[in-house]
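Engineer: Starting from these lines, generate the structure:
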Amino acid sequence: MSPRSFLVRGLLVGLLAGIAAFLVAHQVGEPNVERAIALESTGSADGHTHAEDTPAHTHGSESESGGGTEISRGTQRTWGLLTGTLAIGVASGGILALLAAGLVGRLGRLSPAGSTAVVAAVGFVAYAVVPFLKYPPNPPAVGSGETIGQRTAYYFVFVLVSIVSAALAVALAQRTWRALGPVQAVVLGVTAYVAVVAATAALMPTVDEVGDFPASLLWSFRTSSLLTLTTLWAVLCGGLALAVGRLHEQTRAVAARRELARSL
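Structural biologist: I've put the predicted structure just below:
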């Protein structure tokens with residue numbers, strides 16, 4: 001039950017999670033991206049958008065402005081998408097595994113598998129769901145190219161606040177576990193997290209640059225994005241919990257055999 005054994009399993013599970021997320025994103029999300037790009041191209045032809053705002057969507061091999069190499073849509077929606085989901089999956093799996101290793105035995109009477117599942121569930125809520133609700137992703141043709149940096153900064157600031165608040169909420173529940181009992185301690189931690197995140201969401205700027213983009217396509221794009229995130233984290237949570245549970249059983253079996261050997 002060493003951090004190394006957790007990390008190896010986390011990386012392997014993250015690899016599987018990245019593959020699963022790629023399949024969902026490719027089959028469910030990419031059709032919506034293609035439709036959005038088609039609308040963007042139509043708008044560009046009509047003079048409503050500018051090519052310099054959307055350089056990544058061209059199919060040529062070289063940029064007209066800087067001479068740099070462009071990535072075709074065929075590569076973006078296949079190998080590029082797969083590379084991205086694998087990188088995110090492996091990184092997330094490794095980080096979750098190390099966090100789970102550090103919290104084993106520190107979350108009440110939860111087993112290693114149970115505490116790992118809790119860590120993954122908290123990560124899913126704090127890193128994926130809550131930031132998604134405040135700053136949901138937008139398809140191509142939505143949003144001004146001039147505000148990309150600002151919108152990205154808002155998103156990552158909110159992600160940071162959400163993650164730190166979640167960590168502090170877990171610590172609060174852990175410290176009050178014995179005094180209040182498990183149910184009350186968890187309720188206190190969740191309440192504190194919701195209060196901090198809700199206040200932060202109310203204070204941070206709201207981004208509304210949708211314009212006249214079709215509402216049905218925007219909804220489909222964001223729904224598919226959330227489905228991809230959910231798939232990634234479901235595999236991470238379930239796979240890592242199962243892997244850690246099996247590791248725990250193997251460790252106990254080895255310890256039992258050694259104890260039996262010493263008693264003979």
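
Engineer: and the gap between residue 42 and residue 235?
Structural biologist: 37 Å (Cβ to Cβ, to the nearest Å). Every C-beta, even on glycine, is put in place using the N, C-alpha and C of the backbone.

Engineer: er, residue 159 actually
Structural biologist: 21 Å.

Engineer: Looking at the two, which is more packed in?
Structural biologist: Ranked by neighbour count (other Cβ atoms under 10 Å), residue 159 and residue 235 place residue 235 first, with 22 against 18.

Engineer: distance of that one from residue 82?
Structural biologist: 15 Å.

Engineer: Likewise for residue 70?
Structural biologist: 19 Å.

Engineer: Which residue ranges of the protein form helices?
Structural biologist: Here the chain has its helices, by DSSP state H, at 3-24, 30-46, 73-75, 81-103, 112-123, 130-134, 148-175, 177-180, 182-203, 215-263.

Engineer: which of the residues in the second one are buried?
Structural biologist: Of the residues in helix 30-46, those buried under the neighbour-count criterion (16 or more other Cβ atoms under 10 Å) are 30, 32, 33, 35, 36, 37, 39, 40, 41, 43, 44.

Engineer: Please apply the same query to the shortest one.
Structural biologist: With burial defined by 16+ other Cβ under 10 Å, the residues of helix 73-75 counted as buried are residue 73.

Engineer: mean confidence for it?
Structural biologist: Helix 73-75 shows a mean pLDDT of 73.

Engineer: Please apply the same query to the fifth one.
Structural biologist: Helix 112-123 carries an average pLDDT of 90.

Engineer: cool, the fourth one as well?
Structural biologist: Averaged across helix 81-103, the pLDDT comes to 91.

Engineer: Pull the residues that contact it.
Structural biologist: Here helix 81-103 makes contact (Cβ atoms under 8 Å, 6 or more residues apart in numbering) with 1-3, 6-7, 9-19, 21-22, 25-26, 30, 112, 115-116, 119-120, 123, 228, 232-233, 235-236, 240, 244.

Engineer: Filter these down to the buried ones.
Structural biologist: With burial judged by 16+ other Cβ under 10 Å, the buried subset of these is 6-7, 9-10, 12-18, 21-22, 25-26, 30, 112, 115-116, 119-120, 123, 228, 232-233, 235-236, 240, 244.

Engineer: how distant is stretch 223-243 from the center of its chain?
Structural biologist: Mean-position distance between stretch 223-243 and its chain equals 9 Å (Cα atoms, centre = their mean, to the nearest Å).

Engineer: Against residue 18, how distant is residue 233?
Structural biologist: 12 Å.

Engineer: tell me, how many neighbours does residue 222 end up with?
Structural biologist: Neighbour count of residue 222, defined by other Cβ under 10 Å: 17.
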